[in-house]
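**Student:** Kindly return the folded structure for what I paste below:
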Amino acid sequence: MVRYLTVGQSADYLNTSVRFVRRLIAERRIAFHKVGAHVRIAVTDLDAFVQAGRVEAITCATVRRDLGGAA
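**Tutor:** Model (predicted):
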């Protein structure tokens, strides 16, 4: 079953402000559902948004790989 959150609950889930979540919605950077005049965001969409912003840590191996073995 898909769980939907309000904008305020979504902000709490992401540990951000309500304003940030509303900006994501306005810029269409996150998927959302309109239920009448209300906006709801699926937890799976929030998780996908967070995962898409993941940045890997830098290690010696990734630096060598990115430099083409010249290190």
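**Student:** what's the helix or strand for residue 30?
**Tutor:** Remark: residue 30 resides in no helix or strand, with elements defined by DSSP states H and E.
**Student:** which residue packs closest to it, ignoring adjacent ones?
**Tutor:** residue 24 (4.3 Å; Cβ to Cβ, 6 or more residues apart in numbering). Every C-beta, even on glycine, is put in place using the N, C-alpha and C of the backbone.
**Student:** For residue 10, grab the count of nearby residues.
**Tutor:** Residues lying near residue 10 (other Cβ atoms under 10 Å) number 27.
**Student:** For residue 61, what are phi and psi?
**Tutor:** Here is the backbone geometry of residue 61 (degrees, to the nearest 10): phi -60, psi -40.
**Student:** Partner strands of the longest strand belonging to the chain and their direction?
**Tutor:** Determined from DSSP state E, the single longest strand within the chain is strand 38-42. Note on strand 38-42: by DSSP bridges, its sheet partners are strand 4-5 (antiparallel), strand 33-35 (antiparallel).
**Student:** helices and strands around the strand or helix carrying the residue nearest to residue 30, which ones?
**Tutor:** Using DSSP H and E, residue 24 falls within helix 18-26. The contact analysis (3 or more Cβ pairs under 8 Å, 6 or more residues apart in numbering; DSSP states H and E) places helix 18-26 against helix 7-14, strand 38-42.
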